[in-house]
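Enquirer: need a structure here:
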Amino acid sequence: MSAADSTGAAPLPSGAAAPAVDGAPPPSDSRPPPPQFKASTFVLTFLFVLGILMLFDTSTRQGVATVFGYALLPVIGFGSHYVMLTMFLAALIEMALTALAYNWATDWVKTSRIQSWSAAFRKVQMEALRSGKKDRVAALKPHQAEITRLTSELSISQLKGMAVTWFLVIAIYTWVGLFIAGSSLAAHTVNVGGSTVNIATNFHIGPFPIPYWILLFSLYTFPLSYVLRRGLKHYSLRRYELAHLTDSAPPSSSA
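Expert: Numbers count the residues shown, from 1 in each chain. All right, here's what the predicted structure looks like:
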């Protein structure tokens, strides 16, 4: 007697699919669909790889910066007469683009929630460690693993914005250097804090020579980056807050 006969179930006909178990989907012989092509992923990967190539290859770096110059020079070049203004506007454009890319890649609502959860978890974890009770510490391990997973997701998503930032910083810094090198010697001399400085000359940090224009350009970019990113973060959170207040507000009664 076969196994099917002993259980009282009729044997399946040839080629027939097995019945689904209650509460479970029927088995599928089809393979999962291949991952879909995403143009955004391709572009971000291309920019990241191009940025690495620009970092080590001078001809590629200057070639990309020259392409940027076709757009920037007619708009903010001012005939090389106002070098400091050109540098400020180039820094503003760079930081605006990188802030937008960072804002696009970052879910600020999710980030705020995870930061709040992490702060609350650290407080509970410290109390459990101080108590010396191993069962309390062990009970927190699954929560710690979940917070670690969520934090990793945030880090991976922010890498998308880093790909754009990496590329733009190298390209625009290089273009500013080429712009200064191509300007007149008189334009290199600027007044900084009451002192006359030739921004095309170098100062040394240890054995490393660094042009003065890099220092001045960085003094533009860092504050602008902070202000623009904070502003976009505040705007995103405020828009989310207003949208949910509108959704949860009770309907107004008609008079």
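Enquirer: going forward, measure contacts and count neighbours with C-alpha atoms only.
Expert: Will do.
Enquirer: how about residue 162: what's its closest non-neighbour residue?
Expert: Nearest non-adjacent residue to residue 162, counting by CA to CA, 6 or more residues apart in numbering: residue 102, 7.1 Å away.
Enquirer: residue contacts, the one you found?
Expert: 158, 160-162, 165, 229 (CA atoms under 8 Å, 6 or more residues apart in numbering).
Enquirer: may I see the buried residues of the strand or helix carrying residue 65?
Expert: Taking DSSP states H and E as the definition, residue 65 sits inside helix 58-76. Within helix 58-76, the residues scored as buried using 16 or more other CA atoms under 10 Å are 60-62, 64-66, 68-69, 72-73, 76.
Enquirer: and stretch 82-89, by the same measure?
Expert: For stretch 82-89, burial by neighbour count (16+ other CA under 10 Å) applies to 83-84, 86-89.
Enquirer: quick one: the longest helix seen in the chain to chain centroid distance?
Expert: For the chain, the longest helix by residue count, based on DSSP state H, is helix 134-182. Mean-position distance between helix 134-182 and its chain equals 6 Å (CA atoms, centre = their mean, to the nearest Å).
Enquirer: what's the burial count for residue 162?
Expert: Close neighbours of residue 162, defined as other CA atoms under 10 Å, add up to 19.
Enquirer: what's the helix holding residue 65 in contact with?
Expert: The set of residues external to helix 58-76 that reach it, using CA under 8 Å, 6+ apart, is 53-55, 86, 89-90, 170-172, 174-175.
Enquirer: ok, now with 7 Å
Expert: Helix 58-76 is contacted from outside by 54-55, 86, 89, 171-172, 174-175, using CA atoms under 7 Å, 6 or more residues apart in numbering.
Enquirer: return the backbone torsion pair for residue 113.
Expert: Backbone torsions of residue 113, given as degrees, to the nearest 10, read phi -60, psi -50.
Enquirer: tell me which element residue 243 falls in.
Expert: Assigned by DSSP H and E, residue 243 belongs to helix 212-248.
Enquirer: okay, angle between that helix and helix 134-182 too, please.
Expert: 130 degrees (axes from the mean of the first three to the mean of the last three CA atoms, to 10 degrees).
Enquirer: follow-up on the earlier one: and which of the buried residues of stretch 82-89 is nearest residue 124?
Expert: Closest to residue 124 out of these is residue 88 (47.0 Å), distances taken as CA to CA.
Enquirer: so what's that closest one scoring on pLDDT?
Expert: Note on residue 88: pLDDT of 94.
Enquirer: what's around the nearest residue to it once chain neighbours are set aside, how many residues?
Expert: Nearest non-adjacent residue to residue 88, counting by CA to CA, 6+ apart: residue 220, 6.2 Å away. By the criterion of other CA under 10 Å, residue 220 has 18 neighbours.
Enquirer: quick check: which ranges of the stretch 101-250 of the chain have low pLDDT?
Expert: Scanning the stretch 101-250 of the chain for pLDDT under 70 picks out 246-250.
Enquirer: same thing but 50
Expert: 249-250 (pLDDT under 50).
Enquirer: got the angle for whichever strand or helix holds residue 110 vs helix 134-182?
Expert: Using DSSP H and E, residue 110 sits in helix 108-131. Helix 108-131 runs at 140 degrees relative to helix 134-182, counting by the same axes, to 10 degrees.
Enquirer: which parts of helix 108-131 are buried?
Expert: Buried residues in helix 108-131 (16+ other CA under 10 Å): 108, 111, 114, 118, 121, 125, 128.
Enquirer: which one of the residues you listed sits closest to residue 154?
Expert: residue 111 (7.1 Å).
Enquirer: which one is that closest one nearest to, not counting chain neighbours?
Expert: Counting by CA to CA, 6+ apart, the residue nearest residue 111 is residue 154, at 7.1 Å.
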